[in-house]
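**Student:** Sequence below, structure please.
(one chain, ligands or ions: 2)
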Amino acid sequence: MTRTPVNVTVTGAAGQIGYALLFRIASGQLLGADVPVRLKLLEIPQAVKAAEGTAMELEDAAFPLLTGIDIYDDPNAAFDGANVALLVGARPRTKGMERGDLLEANGGIFKPQGQAINAHAADDVKVLVVGNPANTNALIAQRNAPDVPAERFTAMTRLDHNRALAQLAKKAGVSVADIKKMTIWGNHSATQYPDIFHAEIAGKNAFETVNDRAWVENDFIPTVAKRGAAIIEARGASSAASAASAAIDHVYTWVNGTPEGDWTSMAVPSDGSYGVPEGLISSFPVTCKDGRWEIVQGLEIDDFSRARIDASVKELADERDAVRKLGLI
Ligand SMILES: NC(=O)c1ccc[n+]([C@@H]2O[C@H](COP(=O)([O-])OP(=O)(O)OC[C@H]3O[C@@H](n4cnc5c(N)ncnc54)[C@H](O)[C@@H]3O)[C@@H](O)[C@H]2O)c1
Ligand SMILES: O=C(O)C[C@H](O)C(=O)O
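**Tutor:** Ligands and ions are numbered 1, 2, ... in the order given. Now for the predicted structure:
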């Protein structure tokens, strides 16, 4: 093995997503089967011991691509030299907590992490924020890292994208592999808009193939948008293995590219495309090539889609205004 290991920093490493994610990173699924990785794990001091336990298990799995594991409780050390940063650790909403309280509590995490990325990460750092509220946490981190190009900060809507593929495949009686050009617009929240108007099933328009507007409006969209809550209700805990899987997909696609004739969904800083205010970290259809993403241009947006995109983007703008008021950006 002659390649220099890629430094992958994972926050919230002792959490449930961390437990599902780290083994897949170490096995080569994040970056490629020939890319050695060095893991840098960040936890809060009380959870460092649990992270050490996970590190022992990683060692015991004897992954040939895993060249080392370091554990930190200091973001400056954890992001030092990071090429890929997966920001998973976040403050969950607890009973009686208002949305504003949640944004403030997470600001206390993502502001210093953005500053640490700015000061210490590698020049080519790519950041994926998974911890909720993911889009606005990504915005806080990005605004606190002014020396890092804004486009390196992304938030995860790949789980929503994958959920949408699964629901559509079930309805149409096809494999997820037959579906292309699925899109998630907006926020990773219940206002998100999963859009099948541009999707294709075996090369044909998905909406026309399904031919069931009532299903799209009353079943597909709410099922995908509220799937996170349904998982919490069923499992008693939020999605973990599927979230980890989506994080793997997000970074793998960003680094290795989207297949010809397809795109993916990523929450990325808007350049004003599709009327989304510049700077908001909103989900778009994107293609990836040579480690860069690009928003798919020129899609026709009808009134139905417009209203849904606007509603989710308004929520993002409200969250941005709230964190601005709190002095986080
Ligand atoms: N974007 C998505 O699609 C998506 C999907 C599922 C879950 N999530 C979110 O991902 C986050 C993590 O989920 P989980 O199930 O792993 O939660 P978890 O509570 O099991 O783990 C979170 C971990 O983060 C750690 N942590 C807290 N503050 C930290 C800090 N400042 N620095 C480093 N680590 C810190 C905690 O100690 C804990 O070990 C949650 O916010 C959850 O809502 C997002
Ligand atoms: O933690 C949540 O609120 C849900 C999570 O973001 C998910 O989509 O599964």
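**Student:** who in the stretch 101-250 of the chain is up against ligand 1?
**Tutor:** Within the stretch 101-250 of the chain, the positions near ligand 1 by CB under 6 Å from any ligand atom are 109, 130-132, 134, 156, 159, 188, 238-240, 243. Where C-beta positions appear, they are placed from N, C-alpha and C, glycine not excepted.
**Student:** try 5 Å this time
**Tutor:** 109, 130-132, 134, 156, 159, 188, 238-239, 243 (CB under 5 Å from any ligand atom).
**Student:** closest point of the chain to ligand 1, which residue?
**Tutor:** At 1.9 Å from ligand 1, G15 is the closest residue in the chain, using CB to the nearest ligand atom.
**Student:** Double-check that residue against L86; I have them as touching.
**Tutor:** No - the criterion here is CB atoms under 8 Å, and G15 misses it with L86 at 11.5 Å.
**Student:** who has more neighbours, the two?
**Tutor:** L86 (31 against 22; other CB atoms under 10 Å).
**Student:** So which elements touch the one helix or strand the more buried one maps to?
**Tutor:** Using DSSP states H and E, the element containing L86 is strand 84-87. Applying 3 or more CB pairs under 8 Å, 6 or more residues apart in numbering; DSSP states H and E, one finds that strand 84-87 makes contact with strand 6-11, helix 99-120, strand 126-129, helix 134-143, helix 241-256.
**Student:** CSV for these, including mean neighbour count, mean pLDDT and distance to D262?
**Tutor:** Listed next are the helices and strands packed on strand 84-87 as CSV, based on neighbours: other CB atoms under 10 Å; pLDDT from 0 to 100; distance: least, CB to CB, whole Å:
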stretch, mean neighbour count, mean pLDDT, distance to D262
strand 6-11, 26, 98, 25
helix 99-120, 20, 93, 30
strand 126-129, 26, 99, 20
helix 134-143, 28, 98, 23
helix 241-256, 21, 98, 10
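**Student:** With distance to L326 as new columns, can these be given to me in CSV?
**Tutor:** Converted to CSV, those look like this (distance: least, CB to CB, whole Å):
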stretch, distance to L326
strand 6-11, 21
helix 99-120, 5
strand 126-129, 18
helix 134-143, 9
helix 241-256, 26
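**Student:** among these, which is nearest A164?
**Tutor:** The closest of these to A164 is helix 241-256. By CB to CB, the value is 11.6 Å.
**Student:** what about that closest one and ligand 2, any contact?
**Tutor:** No - using CB under 5 Å from any ligand atom, helix 241-256 stays clear of ligand 2, coming no nearer than 6.0 Å.
**Student:** Check the secondary structure at the closest residue to V224 other than its chain neighbours for me.
**Tutor:** The shortest distance from V224 to any non-neighbouring residue, by CB to CB, 6 or more residues apart in numbering, is to P194 (4.4 Å). Secondary structure state of P194, per DSSP: H, G, I helix; E, B strand; the rest coil, is strand.
**Student:** okay, G96: pLDDT?
**Tutor:** G96 is assigned 75 on the pLDDT scale.
**Student:** now do D70
**Tutor:** 98.
**Student:** got the contact list for it?
**Tutor:** Going by CB atoms under 8 Å, 6 or more residues apart in numbering, D70 touches 38-41.
**Student:** Can you say which helix or strand has it in it?
**Tutor:** strand 66-72.
**Student:** again with V286
**Tutor:** Element membership for V286 (DSSP H and E) is strand 281-289.
**Student:** Only C-alpha atoms, please: export that strand in CSV.
**Tutor:** Provided in CSV are the C-alpha atoms of strand 281-289 (Å, rounded to 0.1, in the frame of the first residue of the first chain):
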residue,chain,number,x,y,z
ILE,A,281,-27.6,25.2,2.7
SER,A,282,-30.5,23.6,0.9
SER,A,283,-31.0,20.3,-0.8
PHE,A,284,-30.7,20.2,-4.6
PRO,A,285,-30.3,17.7,-7.3
VAL,A,286,-26.5,17.6,-7.9
THR,A,287,-24.0,15.8,-10.0
CYS,A,288,-20.5,15.1,-8.8
LYS,A,289,-17.2,14.8,-10.7
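**Student:** and stretch 276-294, which residues are buried?
**Tutor:** 276, 279-288, 293-294 (16 or more other CB atoms under 10 Å).
**Student:** Just give me the closest of those residues to ligand 2.
**Tutor:** Taking those together and measuring to ligand 2 by CB to the nearest ligand atom, the closest member is S283, at 12.5 Å.
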